[in-house]
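Student: Take this sequence and fold it.
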Amino acid sequence: MKCDAKKFALCQVRVGIVSLAALGCSAGFATQALANPVHILNLRLGGTSDETRMVLDLDGATSAKILSEDKATGRLIMSLPEAEVANPLKGSAKGPVGSWALVSTSGGAQLSIDLLPGSVVKRRFLLPPAEGSTGYRYVVDIQSPPPVAPTPHPVIAKTIPTENAKGGVVLTSLKATPRAKPVFLKKVVVIDAGHGGKDPGAHGGECIEKDFTLAAARALKDKLERTGQYRVVMTRDTDVYVPLDVRVQIARKADADLFISLHADSGPDEQTRGASVYTLADRAVGRSAKLVTKDDWFMQASYRRDQAVSGILFDLTQRSTKNLSANFAEMLLERISDEQTLLRRSHREAGLAVLLAPDVPAVLLEMGFITSPDDREVLGSAEGRTRLMSAVADTIDAYFARETRLAAR
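Tutor: Here you go, the predicted structure:
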């Protein structure tokens, strides 16, 4: 949602029925029935001073497109050409969204939003029906402009008369003070070096997995920090044992935008080699609920702590996180394939404990087989690790750049 939107409070807004006149709509908005329209049943909003999520409840799948976006005035108009709303809706919210209106037009439903100037659509996506439900949800996440460091007033360059020690007058030049550059928030990336301490991991030849993962984690940390774009958090930076649930909590407490766990695979046949990436399997998503506490945003977000609403918000968050994890996994495999052989089925799903965070996109990278002499050569050398981790770092850059491009659409 970190999706990286991500941890903001959603609350259900009861939207009343208003007349077209109350929305200031002209008679030109007379609607024409669509052949097989998708019906918008409700629109819910919530968020913080930094982000707002808009959720449209639908009785079928549909798409949307942005018709116009004026960042100077903050006016955004979005069209859902295959949808309609029975009665026009309007409302307001805190944060980047000031007011909004949803009406049906001859070309489908149209959503108009007045935003804080500089705000952007961070992401938008369609969610399929949750288990036991038939309804779809179209989600729009809107983010406020990033904070900017205070800019000092420049001193105008000029010369002024000044008395010197001998009583004479000289001209002294005052130079203009340069303006401060804007400061943008860094993405938080948590790197998890698998195993450690009393847990050595797999063995291959004279090599131990925990040593490979820590060396690779340090190499990736160095690559990311050199860019100046990230705040990197390590679950371990020495040969210590860190429980799996603690690793997940480290990522959640850091408000991570991405979690990547590094491992080395093993097998009985030393001819088997190659990298693979794991994301959370559908069958394991229910275990994520065990990580939830009463202090989590989706437990506090609903009006009067409605458990049903909290469950919906948790589901929305988890589905968004799972989609983001899968997107990153595919991008990662594409880039590391230039530096490392891939397994035939390289994108896998599993219920691994380190992937269970419901609100942090996460992958587990098996960098290769420690039981393979060829993979040991890659992972055991500084040159091989550097090339592989450079590809991982490039993927992280591309992943967040892609998120920025989607937000700008």
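Student: Please enumerate the helices of the stretch 251-400 of the chain.
Tutor: 297-300, 307-336, 373-380, 382-408 (DSSP state H, counting those that start in this stretch).
Student: mind checking how far the second one is from the chain centre?
Tutor: So the one you mean is helix 307-336. Relative to the chain's own centre, helix 307-336 is displaced by 9 Å; criterion: Cα atoms, centre = their mean, to the nearest Å.
Student: Give me the angle between that helix and helix 382-408.
Tutor: On the basis of axes from the mean of the first three to the mean of the last three Cα atoms, to 10 degrees, helix 307-336 is oriented at 130 degrees to helix 382-408.
Student: So which other helices or strands are in contact with helix 307-336?
Tutor: Applying 3 or more Cβ pairs under 8 Å, 6 or more residues apart in numbering; DSSP states H and E, one finds that helix 307-336 contacts strand 120-127, strand 136-143, strand 275-280, helix 297-300, strand 342-350, strand 362-369, helix 382-408. C-beta here means a position set from N, CA and C on the backbone, and glycine is covered the same way.
Student: in the first one, what counts as buried?
Tutor: Read it as strand 120-127. 120-125, 127 (16 or more other Cβ atoms under 10 Å).
Student: I'd like those as a markdown table, with distance to A193 and pLDDT appended.
Tutor: Putting those into a markdown table (distance: Cβ to Cβ, whole Å; pLDDT from 0 to 100) gives the following:
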| residue | distance to A193 | pLDDT |
| --- | --- | --- |
| V120 | 35 | 83 |
| V121 | 36 | 85 |
| K122 | 30 | 82 |
| R123 | 30 | 81 |
| R124 | 35 | 85 |
| F125 | 32 | 81 |
| L127 | 34 | 80 |
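Student: residue boundaries of the strands in the stretch 51-200 of the chain?
Tutor: Applying DSSP state E, counting those that start in this stretch to the stretch 51-200 of the chain gives strands spanning 51-58, 65-70, 75-80, 83-84, 89-92, 97-105, 108-115, 120-127, 136-143, 158-163, 169-174, 187-193.
Student: Would you indicate which residues of the second one are buried?
Tutor: To tie it back to what came earlier, the one meant is strand 65-70. For strand 65-70, by 16+ other Cβ under 10 Å, it's E69.
Student: Work out the gap between it and the centre of the chain.
Tutor: 22 Å.
Student: Give me the contacts around it.
Tutor: Strand 65-70 is contacted from outside by 75-79, 81, 110, 121, 409, using Cβ atoms under 8 Å, 6 or more residues apart in numbering.
Student: Mark out where each domain of this protein begins and ends.
Tutor: Domain segmentation of the chain under automatic domain parsing yields 10-143, 187-408.
Student: on that earlier part again, got CSV for the helices of the stretch 251-400 of the chain, with mean neighbour count, mean pLDDT and distance to L355 too?
Tutor: Shown next, in CSV, are these (neighbours: other Cβ atoms under 10 Å; pLDDT from 0 to 100; distance: least, Cβ to Cβ, whole Å):
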stretch, mean neighbour count, mean pLDDT, distance to L355
helix 297-300, 18, 45, 19
helix 307-336, 20, 80, 7
helix 373-380, 19, 94, 22
helix 382-408, 17, 85, 17
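Student: closest to L58 out of those helices?
Tutor: helix 307-336 (13.8 Å; Cβ to Cβ).
Student: and the angle from the closest one to strand 342-350?
Tutor: Going by the same axes, to 10 degrees, helix 307-336 makes 170 degrees with strand 342-350.
Student: Mind checking what secondary structure the closest residue to L379 other than its chain neighbours has?
Tutor: Nearest residue to L379 in three dimensions, chain neighbours excluded: F212, at 4.8 Å (Cβ to Cβ, 6 or more residues apart in numbering). What DSSP: H, G, I helix; E, B strand; the rest coil gives for F212 is helix.
Student: sorry, back to before: nearest to K186 among the helices of the stretch 251-400 of the chain would be which one?
Tutor: Smallest distance to K186 across the helices of the stretch 251-400 of the chain (Cβ to Cβ): 10.3 Å, for helix 382-408.
Student: who are the neighbours in contact with L262?
Tutor: Contacts of L262 by Cβ under 8 Å, 6+ apart are 191-194, 213, 216-217, 220, 365, 367.
Student: That should have said T272, apologies.
Tutor: By Cβ under 8 Å, 6+ apart, the residues touching T272 are 369, 371-372.
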